[in-house]
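Chemist: Have a look at this fold, sequence not included:
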C-alpha cells in the first residue's frame, strides 16, 4: 500500500520543516504549501489523504481555504486539522462549523498531533470514504452522488475502465499497477479542471474502474480529451521494448506466452436526456453497458 499523503499548509518555515521531517519519519509522504493559493493548487493536482491547515496565512486564511475545499465536490471529504495560535472557543467553533475534522493550538505536542492525524486517516478509511491508492471518493460516496443526480437534469456520467490493466499488472507487478491508478486519477483531475467545473465529481469505483460526473454539455469533450491524453501518456509506464513492439508478452517461460495490447481507456456515457432513470442501479448498469460497447 502506498504511503498516506499529508499536505502541511503553514507559512512558518521552521514549523513546516519540523513537521515535514517528523511526519516523513512516521512513514507519510509530505508536501508543504506556505500560502493558501499554493495549498488549493496542490490539492487540485494531487489530493492528499489529510491536510494540516494553519489559520493565519499571508494570502487566504485557513477558514476560507476550508470553506473552498468543503464546497468543492472533489475535495469535500479530505480530513482537515486546523493548526493555529488562537485558543478562543469561538475560533474553534468557526473551524468546526466549516467542516474541519479537528483542531490543535500552538504550541502543540507533536505526539498529540501524530495521534490526531492517525485517527483522522483511520476514521476516513474505516468509513471507506476514499480509495486508499488514489484517494478518490469510493463506495458510499459514489452511491450518494448517484442518488443526488438521479433527481436532477443536465448531468453526464462517464463509466471509465482501463483496458488490459490486469495483463500490465501481471507483467510489471502490483506497485507499477498502483502507479497507473494514481496516474489515471491525476489525469482525470487535470482534464476535468481544464474542461469541467468545481462541481464535477470524480470517483474510484474499484480496481481499474473510475467514474466522472460532469455537465451534459461537457461530457463528450472531456471523454475525448481523456482518451487522447491517456493513449499518449500511458506509454511512459511501459519499457522501451514494449512501447516499440506495441504489446506485452504475458505468461511464464514454460508456457506459450500471449500477446496483450497496451492499455487504453474505454468510456461509456449516459445522460438524463437519453434515459429516464428511476434507480441508481439503472444509471450504473447502462453506463457499464455503454462502456463495454466502446471501441475507442
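Modeler: Alright, I've got the coordinates. Note that the structure is a prediction, hence the values are computed from the model and not measured.
Chemist: Surely residue 3 is within a strand?
Modeler: No: counting by DSSP: H, G, I helix; E, B strand; the rest coil, residue 3 is not part of a strand but coil.
Chemist: Pretty sure residue 29 is one of the things it touches, is it not?
Modeler: Yes: using Cβ atoms under 8 Å, residue 3 is in contact with residue 29, at 4.5 Å. Heads up, the C-betas are built off the backbone N, CA and C, glycines and all.
Chemist: What lies in contact with the lengthiest helix in the chain?
Modeler: When the chain is scanned for its longest helix (criterion: DSSP state H), the result is helix 174-195. Helix 174-195 is contacted from outside by 2, 44-47, 74, 133-136, 160, 162, 165, 168-169, 200, 202, 204, 208, 210, 212, 214, 218, 221-222, 225-226, 229-230, 233-234, 237, 263, using Cβ atoms under 8 Å, 6 or more residues apart in numbering.
Chemist: Give me the subset of these that lies in strands.
Modeler: Secondary structure from DSSP state E places 160, 162, 202, 204, 210, 212, 214 of the contacts of helix 174-195 in strands.
Chemist: And residue 95, what's its pLDDT?
Modeler: Residue 95 is assigned 66 on the pLDDT scale.
Chemist: ok, now residue 143?
Modeler: What the model reports as pLDDT for residue 143 is 90.
Chemist: And it, its phi and psi?
Modeler: When quoted as degrees, to the nearest 10, the phi and psi of residue 143 stand at phi -60, psi -40.
Chemist: Quick check: chain neighbours aside, which residue is closest to it?
Modeler: Counting by Cβ to Cβ, 6 or more residues apart in numbering, residue 280 is the residue found nearest to residue 143 once chain neighbours are left out, at 6.6 Å.
Chemist: Can you tell me the SS state at residue 141?
Modeler: Under three-state DSSP, the three-state class of residue 141 is helix.
Chemist: Give me the buried subset of the contacts of helix 174-195.
Modeler: Buried subset of these (neighbour count, 16 or more other Cβ atoms under 10 Å): 44, 47, 74, 133-136, 160, 162, 165, 168-169, 200, 202, 204, 208, 210, 212, 214, 218, 222, 225-226, 229-230, 234, 237, 263.
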